[in-house]
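structure for this input, please:
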Amino acid sequence: MIVVDNNSTDITAEIVESYQPNWPQSVPLRYAFAPKQGAAFARQRAVEKAKGEFIGFLDDDNLRAA
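Numbering: from 1, shown residues only. Sure thing, here's the model as predicted:
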């Protein structure tokens, strides 16, 4: 799982860092920073950092299915 901080002004990095110690290592929780704002820049950064075979995207206004 990669959380991309798209040049936010909140504490995204600190929140991700607080979850990492207890996050399942089978799907590591990683943080990436995208300095240019916009969904395309954030997704490009995620693709650059991805290591898996499949890629899925959730935006800040999405809810994941259970």
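
now for Phe57: which residues touch it?
By C-beta atoms under 8 Å, 6 or more residues apart in numbering, the residues touching Phe57 are Arg43, Ala46. Using the backbone N, CA and C atoms, a C-beta is placed for each residue, glycine as well.

how about it, secondary structure?
Using DSSP: H, G, I helix; E, B strand; the rest coil, the structure places Phe57 in coil.

okay, now the unreliable bits of the chain?
Along the chain, no part satisfies pLDDT under 70.

can you map out the helices along it?
For the chain, applying DSSP state H gives helices covering 12-19, 39-49.

okay if I get those as CSV plus distance to Met1 and mean neighbour count?
Output for the helices of the chain, formatted as CSV (distance: least, C-beta to C-beta, whole Å; neighbours: other C-beta atoms under 10 Å):
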stretch, distance to Met1, mean neighbour count
helix 12-19, 9, 13
helix 39-49, 10, 15
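
tabulate those helices (JSON lines), appending distance to Phe33.
JSON lines is the format used below for the helices of the chain (distance: least, C-beta to C-beta, whole Å):
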{"stretch": "helix 12-19", "distance to Phe33": "8"}
{"stretch": "helix 39-49", "distance to Phe33": "8"}
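
looking at these, which is nearest to Asp5?
Among these, helix 12-19 comes nearest to Asp5, with 4.3 Å by C-beta to C-beta.

off-centre distance for that closest one?
Helix 12-19 sits 11 Å away from the centroid of its parent chain (C-alpha atoms, centre = their mean, to the nearest Å).

who's in contact with it?
Val3, Asp5, Leu29, Tyr31, Phe33.

which of the residues you listed fall within strands?
Judged by DSSP state E, strands contain the following of these: Val3, Asp5, Tyr31, Phe33.

which of the residues you listed count as buried?
Val3, Asp5, Tyr31 (16 or more other C-beta atoms under 10 Å).

coming back round to it: pick out the most distant pair among the contacts of helix 12-19.
Largest separation among the contacts of helix 12-19 by C-beta to C-beta: Leu29 and Phe33, giving 14.8 Å.
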